[in-house]
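Enquirer: turn this into a structure:
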Amino acid sequence: MKHIYDVEVLPLPAPSAVSSLSTEERANVLDLLFEPSTQLHTLSVPLLQSETFSTYPDLIAAVGAQLSALADSPSTSDAKWLEDILSSHPRLGATKVESEQSAAEQAQLKGSEEEAAALLKLNEEYEVKFPGLRYVVFVNGRSRQEVMEDMKLRIDGGDLGGERIAAIRL
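Expert: A predicted model of the protein is given here:
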């Protein structure tokens, strides 16, 4: 699940003011920090109303704790809910993305048509290996080749639980 590390560049209210926002505005905060996801709204909008955060890293950590609780749950419905949230992240190399942050991140992965085809194939392999998930990594400053090598290693590792945790932490 992508989240923004430099929240100061986003059009966000003060973190301490989030709890007083409307439901729609709290959902918008989540969309700016993560990817747009109805399931994430259902899970975390109430948290943003009931708690006051002094920093955005604290808010992100609290949402991360909610996601980790879903990952640790033995419930198959919790696993499905988590997968729905995590799969809201666009595929790497996607041309159509919903958030400005993802669009900027995707732009860093521009390459040749051959590289785009290889990335598409890796996305497909990843999604077959880890049904319900999308490959997520912090791209900033990494080349397409570095990202694709990481993707291959994670596919070969085959650790579904580890991939869920990695997606939550990224």
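Enquirer: excluding chain neighbours, give the residue nearest to L82 in space.
Expert: L70 (4.0 Å; C-beta to C-beta, 6 or more residues apart in numbering). All C-beta spots, glycine's among them, are computed from the backbone N, C-alpha and C.
Enquirer: just confirm the one you found contacts K80, I think it does.
Expert: No: judged on C-beta atoms under 8 Å, L70 makes no contact with K80 at a distance of 9.5 Å.
Enquirer: on that earlier part again, where does the residue nearest to L82 fall, secondary structure wise?
Expert: helix 56-72 (DSSP states H and E).
Enquirer: how far does the helix or strand following that helix sit from its chain's centre?
Expert: Downstream of helix 56-72, the next assigned helix or strand under DSSP H and E is helix 76-86. For helix 76-86, the separation from the chain centroid amounts to 13 Å (computed by C-alpha atoms, centre = their mean, to the nearest Å).
Enquirer: strands along the protein, start to end?
Expert: With DSSP state E as the definition, the chain shows no strands.
Enquirer: mind checking how far V29 is from M151?
Expert: Remark: distance between V29 and M151 (C-beta to C-beta, to the nearest Å) = 30 Å.
Enquirer: who has more neighbours out of the two?
Expert: V29 (22 against 19; other C-beta atoms under 10 Å).
Enquirer: sounds good, over and out.
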